[in-house]
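1. here's my sequence, what's the structure:
(one chain, ligands or ions: 1)
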Amino acid sequence: MDAQTDQQYRIMTIENHILQEQRSHPQATGVLTSLLYDMALAGKVIASKTTRAGLAEILGRTEDVNVQGEQVMKLDRLADLTIFRLNDRTGRLAALASEENANMMQIPEDYPAGRYVLLYDPLDGSSNIDYNVPVGTIFAIYRRKSPDDQPADLQDCLQPGRKLVAAGYIIYGSSTMLVYSTGAGVHGFTLDPSVGEFLLSHPNIRIPAKPHYFSANLGYKFFWSKGTQAYTEYLQGHDGGIKGLSLRYVGSLVSDFHRNLLAGGVFYYPADRKDPQKPHGKLRLLYEAAPLSFIAEQAGGLGSDGRKNILDVEPTELHQRTPLYIGSRYLVEKAEQFIREYDAT
Ligand code: AFP
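-> Just a heads-up that it's a prediction; the model follows:
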């Protein structure tokens, strides 16, 4: 077989890909590699639950309300527990934080603590589960800041996106895909259910130069600032700046982000006046905005809160919310321009 044919028929599993990336960091110990592989395993377990949701009669809500004041779905809890249990005793993590839990989670006593912290949104878009709309898991990995021989503290979790070591998401849709970056590009893998492996399907993802879509909940347009309203009209082609873009909004961030990453476009969930309890919009900085902005930037795009690069925002709270404009760099910068022009600081 010649080299080209050999390459053509070579199947790259996620494990091989992560190991290959590790080889380009001679100082790497393999801990991050194993941690990423643990997340891939969590993705497979959660995918097996989401695809059997109706069959197993596990759709519907539990009685609980989570820290965000939202009703917790059974699958949220399953996903949350799956990720926690696959990671709390491996010796790779110093702490975990999940969108579903009010406080940071320590490693159980008697188990070794590691060098990394894992923040995750176990099942983003869960209000869509009952309607068979794709949902996703988002994860963010930081190096701990506290000394290795002491228990982790909150500051280990409150790090800006700039300090991310790796981030990724798993989308449970018509197929299950895992997309991740360790700061050396963005790579996508599709789960082959017949062999139970994530196989490289989208190497080196770059957001296309020509955008196709904009994604926002236009139902809330009248609660938005003047800047975001004017920006929306720009995207619709009203001021002749661009030919209007198509609107696509699923209401499941991972799905909306993933589509725009592959097709080009912008997603935004701005601050609004709809809910006085949420003056900064709905999305969470640490579990959603920062990891996805890291991926966007690695793919040539950008994530912004409308004024500032999301990766430069210093978190002050675990469940902090932030406005988010994310996707094609040019369109996100355009949003910042409209906000500067129309909205008071
Ligand atoms: P749920 O997890 O409650 O479904 O929220 C999903 C989400 O955080 C994000 O995935 C969506 O982009 C956004 O909320 C949708 O919010 P709206 O329903 O207000 O448009």
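2. list the contacts of residue 163.
-> By Cβ atoms under 8 Å, 6 or more residues apart in numbering, the residues touching residue 163 are 142-143. All C-beta atoms are positioned from the backbone trio N, CA, C, and that covers glycine.
3. how much space between it and residue 117?
-> 10 Å (Cβ to Cβ, to the nearest Å).
4. in contact with the residue nearest the centre of the chain, which residues?
-> Centroid-nearest residue in the chain: residue 138, 3.8 Å away (criterion: Cα atoms, centre = their mean). By Cβ under 8 Å, 6+ apart, the residues touching residue 138 are 120-121, 124, 167-169, 253-254, 287-288, 291-292.
5. so can I have JSON lines of those residues showing pLDDT?
-> Shown next, in JSON lines, are the contacts of residue 138 (pLDDT from 0 to 100):
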{"residue": "120", "pLDDT": "98"}
{"residue": "121", "pLDDT": "98"}
{"residue": "124", "pLDDT": "95"}
{"residue": "167", "pLDDT": "98"}
{"residue": "168", "pLDDT": "98"}
{"residue": "169", "pLDDT": "98"}
{"residue": "253", "pLDDT": "98"}
{"residue": "254", "pLDDT": "98"}
{"residue": "287", "pLDDT": "98"}
{"residue": "288", "pLDDT": "98"}
{"residue": "291", "pLDDT": "98"}
{"residue": "292", "pLDDT": "98"}
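6. hang on, the earlier thing: and for residue 163 and residue 117, which residues touch both?
-> Joint contacts of residue 163 and residue 117 (Cβ under 8 Å, 6+ apart) are 142-143.
7. please enumerate the helices of the stretch 201-345 of the chain.
-> Assigned by DSSP state H, counting those that start in this stretch, the stretch 201-345 of the chain shows helices spanning 226-235, 253-263, 290-298, 329-342.
8. out of these, which gets nearest to residue 191?
-> With Cβ to Cβ as the criterion, residue 191 lies closest to helix 253-263 of those, at 14.3 Å.
9. returning to that earlier point: among the helices of the stretch 201-345 of the chain, which is the most enclosed?
-> Stretch with highest mean neighbour count among the helices of the stretch 201-345 of the chain: helix 290-298 (a mean of 27; mean count of other Cβ atoms under 10 Å).
10. surely residue 96 is in a strand?
-> Yes - membership of residue 96 in a strand is supported by DSSP: H, G, I helix; E, B strand; the rest coil.
11. need the contact list for it.
-> 83-84, 87-88, 104-105, 117-120.
12. go through the helices of the stretch 201-345 of the chain and name the closest to residue 157.
-> Using Cβ to Cβ, the helices of the stretch 201-345 of the chain put helix 290-298 closest to residue 157, at 11.1 Å.
13. close to the ligand, is that closest one?
-> No - against the ligand, helix 290-298 shows no contacts by Cβ under 6 Å from any ligand atom, the least distance being 10.3 Å.
14. chain center to that helix: distance?
-> Helix 290-298 sits 8 Å away from the centroid of its parent chain (Cα atoms, centre = their mean, to the nearest Å).
15. ok, residues contacting that helix?
-> 119, 138-140, 160-161, 164, 167-169, 179-181, 183-186, 207, 253, 257, 261, 302-304, 309-311, 313, 315, 324, 326-327.
16. all set, thanks.
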